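*Asks:* Okay, structure incoming, though there's no sequence with it:
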């Protein structure tokens with residue numbers, strides 16, 4: 001359920017009353033059960049190393065004393081790209097709840113506005129409301145640096161904050177769970193590089209150049225560096241995410257005007273499928289195209305063989321890890337949590353989920369996998 005305003009406050013308030021009752025119950029430690037993870041069916045797309053790290057974290061939490069905790073999970077949305085994050089977060093909250101350790105809600109905005117300032121303001125209000133109602137931990141997909149001050153007020157009170165999908169490196173958040181943007185772009189670039197004809201040639205990147213979103217810039221830079229080091233010319237097209245027709249038309253012109261000619265296209269975000277539309281508009285249907293994420297349009301073009309591969313971000317694990325890390329910080333401490341996360345922890349506080357590569361011939365199997373774990377988008 002997606003809630004805003006009064007509905008959001010009512011839901012969090014009910015959860016907090018439940019948490020308060022549990023915290024005052026002197027028999028809480030006796031009635032709480034060990035955390036039991038819901039097993040996922042065996043599948044080639046399951047990241048085994050990440051699963052092993054989660055198992056270790058849960059095992060250490062189970063050794064600690066029971067400390068009931070109210071957790072607020074605040075997502076940009078519960079739909080599309082963010083739906084698998086919500087699925088993972090709900091599953092983790094359910095497992096923690098059954099064991100008597102946590103209560104809370106997974107909440108997302110219903111505002112479809114593309115106004116970044118308004119969305120940031122709304123999420124800041126959500127953070128403030130959660131703190132006022134007594135939330136003891138926050139996992140969040142932030143809209144931008146405008147949320148940092150509100151989150152820093154939480155950390156100043158000793159409340160752990162874990163960012164998901166988008167980082168706020170300048171804030172005092174404890175851990176970021178997502179991808180290392182430059183490395184992800186580099187990995188995607190290398191996938192396309194293996195498909196390109198020998199140069200000279202131009203590669204068109206449907207990417208991001210505006211420093212308002214540094215993760216997007218870094219991902220784009222990772223791919224660009226791969227092609228430039230290999231001797232190709234590069235055009236970085238700034239995604240016009242809120243106007244598909246204008247976006248495609250601009251890329252069409254870039255393909256037609258490129259000198260040397262475009263030999264391949266790569267998209268860095270969930271709207272990567274637009275590269276196919278642009279190639280069609282420019283009558284360059286034979287160009288190799290590589291994408292990012294697994295939007296329905298991308299999956300359909302992969303079935304047709306028009307997109308040869310995509311790179312998936314494991315959003316389910318972003319959501320699933322958020323509540324567990326927040327609770328782990330409370331129960332065993334931040335240093336102990338970081339020690340357990342060390343196999344995937346880089347730069348001191350970034351849990352790098354990496355990206356998975358899905359080839360066009362694997363699109364059906366990957367879609368089935370998402371269905372099995374309830375993480376379709």
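*Replies:* Looks like it arrived, so ask away. Predicted model only: the values in this text are computed from it and were never measured.
*Asks:* Where do the domain boundaries of this structure fall?
*Replies:* 5-179+314-353, 181-312 (automatic domain parsing).
*Asks:* pLDDT of the shortest one, averaged?
*Replies:* Which is domain 181-312. Per-residue confidence for domain 181-312 averages out to 96 on the pLDDT scale.
*Asks:* can you redo the domains of the chain as a markdown table with distance to residue 371 and mean neighbour count?
*Replies:* Quick note: C-beta positions are derived from backbone N, CA and C, even for glycine. Written out in a markdown table, the entries for these read as follows (distance: least, CB to CB, whole Å; neighbours: other CB atoms under 10 Å):
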| stretch | distance to residue 371 | mean neighbour count |
| --- | --- | --- |
| domain 5-179+314-353 | 10 | 19 |
| domain 181-312 | 12 | 20 |
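*Asks:* Which one of these lies nearest to residue 376?
*Replies:* Ranking those by distance to residue 376, with CB to CB as the measure, places domain 5-179+314-353 first at 6.8 Å.
*Asks:* Going along the chain, name the strands of the stretch 51-200 of the chain.
*Replies:* 69-75, 102-108, 137-140, 161-164, 175-178 (DSSP state E, counting those that start in this stretch).
*Asks:* May I see the ones you listed organised as a markdown table, with mean pLDDT added?
*Replies:* What follows is the strands of the stretch 51-200 of the chain, written out as a markdown table (pLDDT from 0 to 100):
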| stretch | mean pLDDT |
| --- | --- |
| strand 69-75 | 96 |
| strand 102-108 | 92 |
| strand 137-140 | 98 |
| strand 161-164 | 97 |
| strand 175-178 | 97 |
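*Asks:* closest one to residue 372 among the ones you listed?
*Replies:* Evaluated with CB to CB, the strands of the stretch 51-200 of the chain place strand 102-108 nearest to residue 372, the distance being 20.4 Å.
*Asks:* so what secondary structure elements neighbour that closest one?
*Replies:* Here strand 102-108 is seen to pack against helix 5-24, strand 69-75, helix 83-98, helix 315-332 when contacts are counted using 3 or more CB pairs under 8 Å, 6 or more residues apart in numbering; DSSP states H and E.
*Asks:* next one: stretch 81-94 to chain centre, how far?
*Replies:* Stretch 81-94 has its average C-alpha position 11 Å from the chain's average C-alpha position, going by CA atoms, centre = their mean, to the nearest Å.
*Asks:* Show the end-to-end separation of stretch 357-368, please.
*Replies:* Using CA to CA, to the nearest Å, the span of stretch 357-368 from its first residue to its last is 16 Å.
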